[in-house]
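Colleague: Mind folding the following:
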Amino acid sequence: MLLALNLGLIASLKEGQILTNREISRIFDVCACRGIRYKGSIKSRICHIVLIAAFNKMPEDSVRNPYHDRKIDDRIIYTGEGRRGDQKMIRGNLVLVRQMQENFPLYLLEKKSPGKYVFLGRYKVINVKNEIQRDSDGEERKVFIFELAKVCEQWK
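Modeller: You can find the predicted model right below:
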């Protein structure tokens, strides 16, 4: 019953809709923290992923959020998880790679201000590569870069 209720709530979301962190957690049945949130288990089955991106950060935000998420044309460039040192292919980063193979739903939200997130719709991972970025200590490190493309039919 809970799964059916959540699917109905997810399907009712409109692009551009503003959500709170609590609403994201309740609607998608995911944790209330992290940029890569997922329902399910890495060892068994992932139901869906919720990504939180921050595109227009202030320079002073880079210590707490060293990720360089960005939009390029119709693509989203999303930096994997891990604030210090080289990122590892574990947890959320591994789930994003699996999304390319298994095609479970991936929902993207943009953090606009503390506690306010804009629903951007359903996306898919189309590529993963490495890039050098600075970590939260200002040191260069290797990160995973996930290229996302919008899924045309949102609830397909």
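
Colleague: can you count the residues close to Leu106?
Modeller: The tally of other residues near Leu106 (other C-beta atoms under 10 Å) stands at 25. Bear in mind the C-beta positions are built from the backbone N, C-alpha and C, glycine included.

Colleague: From what I see, it and Ile126 are in contact.
Modeller: No - here Leu106 lies out of contact with Ile126, judged by C-beta atoms under 8 Å, at a distance of 10.9 Å.

Colleague: any shared contact partners between the two?
Modeller: Common contacts of Leu106 and Ile126, defined by C-beta atoms under 8 Å, 6 or more residues apart in numbering, comprise Leu148.

Colleague: So for Asp86, what's the nearest residue that isn't a sequence neighbour?
Modeller: Nearest non-adjacent residue to Asp86, counting by C-beta to C-beta, 6 or more residues apart in numbering: Lys142, 4.4 Å away.

Colleague: Tell me who's in contact with that neighbour.
Modeller: Taking C-beta under 8 Å, 6+ apart, we find Lys142 in contact with Asp86, Gln87, Asn130, Glu131, Ile132.

Colleague: Quick check: it vs Arg134, distance?
Modeller: Distance of Lys142 to Arg134, computed by C-beta to C-beta, to the nearest Å: 11 Å.
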